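**Student:** Below is the structure, and that's it, no one-letter string:
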């Protein structure tokens, strides 16, 4: 008998499929007999718990409505007003104003509740002056507005009735439209005279709120929760149509569903249902729940049947096709593996595409794509390195600016002629240190602190020339000074701030501010460092700002800065479309943007904007490293 490791791939797959099918068959038979019982037990237990929670929530709502009505009735304004012997005098007393303030503050606070939609107090005619005195509020209403309401007739016919919940058909049309379609009505009486008609406190809310409470149970398909009162009125329902189909008279509910709070099977409207009910304390409401038996387990049972059918079909198809394809698959895999294995030191090469588009064909296609992509990446890295070298050389050339060097040497010459030997020494040392930082080292990235020292030397030289008319402010946290930044990024931006901002003012003096902070890049999710170079110079026009955006876009795409203009235009300073902006400024901006994009990608680089109320600001975004 052969060992398993000696079996072919086709034979191994066939054995696995047989074992898998056998295991699935056993599991399916077990689940088929257990799913109905376990699903029903779990569902009914969960529904019983949910129903209890719903009853408790609705009872809390009813208790809160009663508490609100009682709290309003006990307010000094209402209590004293109802029981006073002289209403006119009471309304004019100073204390009444204090009572009124507290009363309406309480009303305003209570009406903010999600449950409530309004509060009204209906008073008998002898209290009409109350509504006139507080006409700024709609709380006090004449009792004549509700004499036609069904609930008013109930209270009138039952003098000892203290309070009750009223569904929509108990209310007037105005109450439903303006206040709410469910109300808790409480009788308002004189102290010691319960059957006296002084008025009523009405706490209104919407049935949608009760429906929302019922829908928290997420009932099964075809099931329904509804509230019914002793006068056979549906107070709220998750499905009005089903509550009509599964309607049981209020008085017959205990006879039809023998065990309160427990689900039991009943037959109603030709269907088998699980039914349960419970009484809602402090009301004449009963909560009923009906769940079709079929809806409980059909979903789970159907899912298992579908899975087993799919597994059976898959097994049959696998066994049928295994003998036909396994040999072909093995042969093709071996052939592809041999072609993918290059010799020692040999470069990766593509292999002939498969004529089929199956997994092996896709493997060959994916392998060829990988080889082509690797070759493209190698070439791209080579081109990127070349561009970066050119950009670095351009940046160095821009720093070895003959005009700047000439101006500095001319300044030193005049200092020497005037005999200012100490200033000459300082200027020569600063100029020497400036160019030493420019030309020293091979590192592309240097600490931000070193880059700032380079800027300080540049501004020190400019202040020597322009008699300290440039203020320089650095606001960079100490913890960022050791973070790395590409060399020669800040100084070109500061130079632009001087030449095209501060020095173009009528009085060539001003302030350059460099700030830095750390923030999360919304595009990459990485920690970035953002630096800004801002000045209070003449600012930047919309046209020049548009030109700079073109320069930045060209640098980001790797386009030639002067590739689209003639030599004459280039000589005059035209850029891209021929706009007349300064060539030196744009070359520095172009080089800096291109270096940042080459080093860090398109999410990083420069952004120019106006610096209100005057001046210009450039933002430099680099990844933290």
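**Tutor:** Cool, the structure landed. If you're wondering where the values come from, they're calculated on a predicted model, not measured in any experiment.
**Student:** ok, and residue 254, which helix or strand is that part of?
**Tutor:** Element membership of residue 254 [criterion: DSSP states H and E] is helix 253-256.
**Student:** which parts of that helix are buried?
**Tutor:** For helix 253-256, the neighbour count (16 or more other CB atoms under 10 Å) marks residue 253 as buried. No exception for glycine: its C-beta is placed from N, CA and C like everyone else's.
**Student:** List the contacts of that helix.
**Tutor:** Helix 253-256 is touched from outside by 248, 260, 266, 275, 277, 286, 288, with contacts defined as CB atoms under 8 Å, 6 or more residues apart in numbering.
**Student:** Farthest-apart pair in those residues, please.
**Tutor:** 266 and 286 (15.4 Å; CB to CB).
**Student:** which parts of the following helix or strand past the helix holding residue 254 are buried?
**Tutor:** Where DSSP H and E defines the elements, the next helix or strand beyond helix 253-256 is strand 264-268. Within strand 264-268, the residues scored as buried using 16+ other CB under 10 Å are residue 266.
**Student:** residues in contact with strand 264-268?
**Tutor:** Contacts for strand 264-268 (CB under 8 Å, 6+ apart): 246, 248, 256-258, 272-276, 290, 293.
**Student:** next one: stretch 90-109
**Tutor:** When contacts are defined by CB under 8 Å, 6+ apart, stretch 90-109 is touched by residues 71-72, 75-78, 80-81, 84, 119, 129-130, 133-134, 137, 139.
**Student:** Endpoints of stretch 349-368, how far apart?
**Tutor:** One end of stretch 349-368 sits 8 Å from the other (CA to CA, to the nearest Å).
**Student:** ok, now stretch 212-221?
**Tutor:** End-to-end distance (CA to CA), stretch 212-221: 17 Å.
**Student:** okay, now the domains of the protein?
**Tutor:** Domain ranges of the chain: 64-205, 465-623, per automatic domain parsing.
**Student:** quick one: average pLDDT of the last one?
**Tutor:** Taken as a whole, domain 465-623 carries a mean pLDDT of 82.
**Student:** ok, longest helix in this structure?
**Tutor:** Longest helix of the chain, by residue count under DSSP state H: helix 9-73.
**Student:** circling back to that earlier point, can you tell me which of the contacts of helix 253-256 lies nearest to residue 421?
**Tutor:** residue 288 (106.0 Å).
**Student:** And the buried ones among the contacts of strand 264-268, selectable in PyMOL?
**Tutor:** A single PyMOL command selects the buried members of the contacts of strand 264-268 (16+ other CB under 10 Å):
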select buried, resi 246+248+257+273+274+275+276+290
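**Student:** Confidence-wise, which of the contacts of strand 264-268 comes last?
**Tutor:** Ranked by pLDDT, the contacts of strand 264-268 bottom out at residue 258, which has 77.
**Student:** what does the model give the residue nearest to residue 52 when sequence neighbours are not counted for pLDDT?
**Tutor:** Nearest residue to residue 52, sequence neighbours excluded (CB to CB, 6 or more residues apart in numbering): residue 261, at 6.9 Å. If you check residue 261, the pLDDT there is 75.
**Student:** Wait, a strand at residue 105?
**Tutor:** No - going by DSSP: H, G, I helix; E, B strand; the rest coil, the assignment for residue 105 is helix, not a strand.
**Student:** Max pairwise distance over the contacts of stretch 90-109: which two?
**Tutor:** The distance between the two most remote of those (CB to CB) is 24.1 Å, for 71 and 129.
**Student:** Neighbour count: the two, which is higher?
**Tutor:** residue 129 (15 against 12; other CB atoms under 10 Å).
**Student:** Doesn't residue 416 belong to a strand?
**Tutor:** No - the assignment for residue 416, made by three-state DSSP, is helix rather than a strand.
**Student:** Roughly how far does it sit from residue 597?
**Tutor:** Going from residue 416 to residue 597 by CB to CB, to the nearest Å gives 44 Å.
**Student:** same deal with residue 76?
**Tutor:** For residue 76, the distance to residue 597 - CB to CB - is 74 Å.
**Student:** What of residue 615?
**Tutor:** Shown here: residue 615 relative to residue 597, a distance of 26 Å by CB to CB.
**Student:** Nearest to the middle of the chain, which residue? Look it up for me.
**Tutor:** Centroid-nearest residue in the chain: residue 522, 12.9 Å away (criterion: CA atoms, centre = their mean).
**Student:** which SS state does that residue fall under?
**Tutor:** Of the three states, residue 522 takes coil according to three-state DSSP.
**Student:** Quick check: pLDDT value at residue 297.
**Tutor:** For residue 297, the predicted pLDDT is 67.
**Student:** likewise residue 16?
**Tutor:** Looking at residue 16, its pLDDT stands at 73.
**Student:** ok so, going back, keep only those of the contacts of strand 264-268 that are in helices.
**Tutor:** Among the contacts of strand 264-268, the ones falling in helices (DSSP H) are 256, 293.
**Student:** Name the nearest of the contacts of strand 264-268 relative to residue 41.
**Tutor:** Once CB to CB is applied, the member of the contacts of strand 264-268 that ends up nearest residue 41 is residue 274, at 11.4 Å.
**Student:** quick one: the closest one from residue 515, how far?
**Tutor:** Residue 274 sits 69 Å away from residue 515, going by CB to CB.
**Student:** Next: residue 544.
**Tutor:** The spacing between residue 544 and residue 515, counted by CB to CB, is 23 Å.
**Student:** which one of the two has more residues nearby?
**Tutor:** Taking other CB under 10 Å, residue 544 and residue 515 do not tie; residue 544 has more neighbours (19 against 16).
**Student:** Just say helix, strand or coil for that one.
**Tutor:** Strictly by three-state DSSP, residue 544 counts as helix.
**Student:** ok, so what distance separates it from residue 610?
**Tutor:** Counting by CB to CB, the gap from residue 544 to residue 610 is 11 Å.
**Student:** where in the stretch 351-500 of the chain is pLDDT low?
**Tutor:** By pLDDT under 70, the weakly predicted segments of the stretch 351-500 of the chain are 354-355, 357-360, 374-375, 377-407, 414, 437-442.
**Student:** mind redoing it with 50?
**Tutor:** For the stretch 351-500 of the chain, the stretches flagged by pLDDT under 50 are 393, 396-400.
**Student:** shouldn't residue 221 be in contact with residue 295?
**Tutor:** Yes - contact status for residue 221 versus residue 295: in contact at 5.3 Å, counting by CB atoms under 8 Å.
**Student:** Chain neighbours aside, what residue packs nearest to residue 589?
**Tutor:** Residue 589's closest residue in space is residue 551 (CB to CB, 6+ apart), at 5.4 Å.
**Student:** looking at this, that neighbour is in a helix?
**Tutor:** Yes - with three-state DSSP as the criterion, residue 551 is located in a helix.
**Student:** do you know how far it is from residue 605?
**Tutor:** 11 Å.
**Student:** Find residues that contact each of those two.
**Tutor:** In contact with both residue 551 and residue 605: residue 593, using CB under 8 Å, 6+ apart.
**Student:** returning to what we had before: would you list the buried entries among the contacts of stretch 90-109?
**Tutor:** Buried residues within those, defined by neighbour count using 16+ other CB under 10 Å: 72, 75, 77-78, 81, 119, 130, 133-134, 139.
**Student:** and which of these is nearest residue 41?
**Tutor:** Distance to residue 41 across these (CB to CB) is lowest for residue 119, with 45.8 Å.
**Student:** Dig out what the closest one forms beta bridges with.
**Tutor:** In this entry, residue 119 is beta-bridged to residue 203, by DSSP bridges.
**Student:** Spit out the contact partners of it.
**Tutor:** Residue 119 touches 68, 72, 107, 110-111, 139, 201-204, counting by CB under 8 Å, 6+ apart.
**Student:** make it 10 Å
**Tutor:** Contact analysis of residue 119 by CB atoms under 10 Å, 6 or more residues apart in numbering lists 68-69, 72, 106-108, 110-111, 138-139, 179-180, 183, 201-204.
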